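1. Quick one, structure for this:
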Amino acid sequence: SGLTSGAGTLTINGVSIAYDTTTDTLATVISRINSSSAGVTASLNRGTDKLVLTSRTGGAAPIAIADTGALATALKLAPGTTDAQTLGTQAQVTVDGKTYTADTNKVSTAVEGVTITLLAEGTSTMTVSPDTTAVSASLTTLVTAYNALADSLDTVTANSPTRPRGTLAGEPDVRSLALNLRRALTSQVSTSGAFTTLADIGLTSGALGSKVGTTTRLVLDSAKLTAALEANSSSVSSLLNGSSGAFASMATTLGNWTTTGGRISSSLTSITSQMTQLDSREAAVNTRIALRQASLEAKFTAMEKNLALMQTTTNSLNNQVSQMNKSSG
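-> The predicted model follows:
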């Protein structure tokens with residue numbers, strides 16, 4: 001049979017569910033709720049003969065309900081009537097005597113940088129250690145990228161009799177990019193802490209005393225990096241990712257080049273402007289050449305006409321002289 005007469009839209013957790021109590025049964029409405037993405041399960045409590053909404057997600061937040069009709073009120077689902085709602089509970093974990101909660105079984109506030117996944121109730125021992133493999137892989141990627149950039153810069157700035165001249169040879173700005181990046185990675189980063197330079201954690205441009213010209217590429221000592229992480233991972237993190245860390249300095253250097261209005265953008269704008277000016281000058285020169293050509297062609301045409309006239313006149317005079325000679329003879 002139908003419910004209290006009327007049509008409307010029941011909104012649960014932001015999901016709209018249309019109904020018309022003149023044709024829909026309670027079972028129909030329950031089916032629509034359960035097949036929706038509202039994140040709840042609707043069921044009829046046979047003991048109390050009441051509709052109950054059970055949250056499918058964790059956390060104690062109430063189920064949000066709105067209705068354009070009278071169905072929510074009739075079923076006692078309206079805001080404030082939480083007796084018809086079965087809410088989830090928050091997950092809890094106690095670490096070093098302090099309790100932390102979360103709406104899911106994943107707790108990310110107990111240990112900085114660590115997400116704890118709770119699988120069952122109980123007590124366990126958790127050991128947190130730095131992921132040396134991931135850090136080493138990331139720094140290896142950095143070394144590879146830096147060395148590839150250095151190779152490219154060497155090629156485009158080459159200015160030696162023994163190799164082809166680079167397209168950017170003699171451009172001081174390009175050389176300064178390489179120098180600034182290298183300085184950011186090899187200079188002292190901090191004046192305090194267990195590690196103050198990247199060399200302290202195994203990232204260098206070669207061993208001391210290396211041959212001149214062989215220290216323009218980076219080298220990573222993975223064993224030294226691992227030892228540094230195991231000894232003081234927080235100091236390594238500050239050295240790399242701190243507000244004044246090596247990566248921040250490198251990002252600033254790259255930003256000065258790559259951002260809108262940076263040195264690359266400004267150089268391209270300047271070159272484009274120069275090319276436009278050269279194109280304009282070329283067009284002006286071509287126009288002057290065309291005008292000069294037209295003027296010369298006109299003069300040559302006139303001269304040819306005059307020469308033809310002179311030739312005609314000369315031929316006429318020759319004929320007249322010839323006739324006169326014949327008459328006098």
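2. Flag the shaky bits of the stretch 51-200 of the chain, pLDDT-wise.
-> Residue ranges of the stretch 51-200 of the chain with pLDDT under 70: 58-60, 78-88.
3. So which residues of the stretch 51-200 of the chain form helices?
-> Along the stretch 51-200 of the chain, counting by DSSP state H, counting those that start in this stretch, helices occupy 71-74, 132-156, 172-186.
4. Would you point to the one among the ones you listed that's packed deepest?
-> Among these, ranked by average contacts under mean count of other CB atoms under 10 Å, first place goes to helix 71-74 (a mean of 18). Backbone N, C-alpha and C define where each C-beta goes, glycine included.
5. what packs against that helix?
-> The contact analysis (3 or more CB pairs under 8 Å, 6 or more residues apart in numbering; DSSP states H and E) places helix 71-74 against strand 7-12, strand 65-67.
6. for it, the distance to its chain's centre please.
-> The chain centre lies 49 Å from the centre of helix 71-74; the measure is CA atoms, centre = their mean, to the nearest Å.
7. Tell me which of the helices and strands packed on helix 71-74 approaches residue 175 most closely.
-> Smallest distance to residue 175 across the helices and strands packed on helix 71-74 (CB to CB): 63.8 Å, for strand 7-12.
8. what lines up beside that closest one in the sheet?
-> strand 15-20 (antiparallel), strand 65-67 (antiparallel) (DSSP bridges).
9. Show me what it is in contact with.
-> 16-22, 29, 33, 36, 38, 40, 53, 63-72, 77 (CB atoms under 8 Å, 6 or more residues apart in numbering).
10. Mark which of the residues you listed are buried, thanks.
-> Among the contacts of strand 7-12, those scoring as buried are 17, 19-21, 29, 33, 36, 38, 40, 53, 63, 65, 67, 69, 71-72, 77 (criterion: 16 or more other CB atoms under 10 Å).
11. returning to that earlier point: same list, the helices of the stretch 51-200 of the chain, but as TSV with distance to residue 109 please.
-> Below are the helices of the stretch 51-200 of the chain laid out as TSV (distance: least, CB to CB, whole Å):
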stretch	distance to residue 109
helix 71-74	35
helix 132-156	22
helix 172-186	34
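12. now the angle between helix 172-186 and the helix ranked longest in the chain, please.
-> As assigned by DSSP state H, the longest helix anywhere in the chain is helix 263-328. Orientation check (axes from the mean of the first three to the mean of the last three CA atoms, to 10 degrees): helix 263-328 against helix 172-186 gives 160 degrees.
13. Quick check: the nearest residue to residue 12 once chain neighbours are set aside vs residue 63, distance?
-> Distance criterion CB to CB, 6 or more residues apart in numbering; nearest residue to residue 12, sequence neighbours excluded, is residue 38 at 4.0 Å. Here the distance between residue 38 and residue 63 works out to 8 Å (CB to CB, to the nearest Å).
14. ditto for residue 242
-> Between residue 242 and residue 63 the computed distance is 44 Å (CB to CB).
15. for stretch 110-129, which positions count as buried?
-> Residues of stretch 110-129 classed as buried: 110, 116 (neighbour count, 16+ other CB under 10 Å).
16. State the distance spanning the first to the last residue of that stretch.
-> 15 Å (CA to CA, to the nearest Å).
17. Please enumerate residues in contact with it?
-> Contacts for stretch 110-129 (CB under 8 Å, 6+ apart): 91, 93, 95, 98, 100, 105, 106, 107, 108, 230.
18. List buried members of those by neighbour count.
-> Using 16+ other CB under 10 Å, the buried ones in the contacts of stretch 110-129 are 91, 93, 100, 107.
19. Now distance to residue 305 too, for those, in JSON lines please.
-> Shown next, in JSON lines, are the buried ones among the contacts of stretch 110-129 (distance: CB to CB, whole Å):
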{"residue": "91", "distance to residue 305": "106"}
{"residue": "93", "distance to residue 305": "108"}
{"residue": "100", "distance to residue 305": "105"}
{"residue": "107", "distance to residue 305": "103"}
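20. closest to residue 321 among those residues?
-> residue 107 (125.9 Å).
21. Go ahead and confirm the closest one touches residue 98.
-> No - with contacts counted by CB atoms under 8 Å, residue 107 stays clear of residue 98, the gap being 11.6 Å.
22. and the gap between the nearest residue in space to residue 186 that is not next to it in sequence and residue 223?
-> Residue nearest to residue 186 in three dimensions, not counting chain neighbours: residue 205, with 5.5 Å by CB to CB, 6+ apart. The gap separating residue 205 from residue 223 is 18 Å, by CB to CB.
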